[in-house]
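>>> Predicted model and sequence follow; I will ask about them next.
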Amino acid sequence: MNRSTISVLNVSTILLLCLGLQACETAPMTSSQREEKQAEVRSMANQSLEQLYKAHPEAQSAVENAAGYAVFSDIGFKLLYGGGEKGSGIAINNSAKNETFMKMFELQPGLGLGASKFRLILVFDSPDAFNNFVTSGWEAGANVMAAAKDKETNEGAYAGSVTVSSGVHMYQLTEEGLIVGISITGGKFYKDKELN
């Protein structure tokens, strides 16, 4: 196979994955489906926080004393020449106790085959950092993640996390609750229009 054929296959595979993900989201939800999905996301967030606190007990005070936090459950997939992450989550304002349901999506080029599941927990030091995340969304580009990987992981209350931007700390866990480091190469976080 020549390079142009491989490039066409790469693009085709990624487009098919994107179309498949979009197709899953086209049917509108009923009120009961929305409430059920919201309950699932809340349950996932609570379980993820419990796993984080078990792995790093100091993280509990960091989360509870922060301006806000967000928890995402991601399902990663890799198929031949491309892959991605698709996740749902919730952002909580600690002062007002407001909930904002959110989504996350990431495309990952490269060879591979298989699937993985992991959780992300973002902790926001300031109200501005939290509000910007919720209202404007956030794109974590490859350069942001590369910079985070180059830094030492945080200590104290933020042990096990990395600082991914000013006032934003990120933890990544497997479903078993083990800290696995930061492996996202670029992702987009945005409001879930159906669940809010």
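Good, I have the coordinates.

>>> thought residue 168 was touching residue 133?
Yes - using Cβ atoms under 8 Å, residue 168 is in contact with residue 133, at 7.4 Å. Placement of C-beta: from N, CA and C, glycine included.

>>> which residue ranges form the strands in the protein?
In the chain, the strands defined using DSSP state E lie at 68-93, 99-124, 138-140, 162-165, 168-174, 187-191.

>>> how much space between residue 131 and residue 117?
29 Å (Cβ to Cβ, to the nearest Å).

>>> Point out where the chain drops to low pLDDT.
Scanning the chain for pLDDT under 70 picks out 1-26, 75-85, 106-116, 140-156, 175-186.

>>> Enumerate the positions of the helix ranked longest in the chain that are buried.
When the chain is parsed with DSSP state H, its longest helix is helix 31-55. Neighbour-count burial for helix 31-55 flags 34, 37-38, 41, 44-45, 48-49, 51-52, 55 (criterion: 16 or more other Cβ atoms under 10 Å).

>>> and if you look at stretch 120-138?
Buried, per 16+ other Cβ under 10 Å, within stretch 120-138: 120-125, 127, 129-130, 132-134, 138.

>>> Can I get it in CSV, CA atoms only?
C-alpha atoms of stretch 120-138 as CSV (Å, rounded to 0.1, in the frame of the first residue of the first chain):
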residue,chain,number,x,y,z
LEU,A,120,-10.9,12.5,34.4
ILE,A,121,-11.3,14.9,37.3
LEU,A,122,-10.6,18.5,36.8
VAL,A,123,-10.3,20.8,39.9
PHE,A,124,-10.5,24.6,39.4
ASP,A,125,-8.7,26.9,41.9
SER,A,126,-10.6,30.1,40.9
PRO,A,127,-14.2,31.0,40.0
ASP,A,128,-13.0,32.5,36.8
ALA,A,129,-11.3,29.3,35.7
PHE,A,130,-14.4,27.3,36.5
ASN,A,131,-16.8,29.7,34.8
ASN,A,132,-14.7,29.9,31.7
PHE,A,133,-14.7,26.1,31.5
VAL,A,134,-18.4,25.8,31.9
THR,A,135,-19.6,28.8,29.8
SER,A,136,-17.0,28.7,27.0
GLY,A,137,-15.9,25.1,27.0
TRP,A,138,-12.2,24.2,26.9
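
>>> contacts for it?
Stretch 120-138 is touched from outside by 48-49, 52, 59, 62-63, 66-72, 74, 87, 89, 91, 93, 95, 100, 102, 104, 158, 161, 164-173, 184, 188-191, with contacts defined as Cβ atoms under 8 Å, 6 or more residues apart in numbering.

>>> are any of those residues buried, and which?
48-49, 52, 59, 62-63, 66-72, 74, 87, 89, 91, 93, 100, 102, 104, 158, 161, 164-165, 167-173, 184, 189, 191.

>>> Okay, the nearest residue to residue 71 once chain neighbours are set aside and residue 195: tell me how far apart.
The shortest distance from residue 71 to any non-neighbouring residue, by Cβ to Cβ, 6 or more residues apart in numbering, is to residue 45 (3.9 Å). Between residue 45 and residue 195 the computed distance is 13 Å (Cβ to Cβ).
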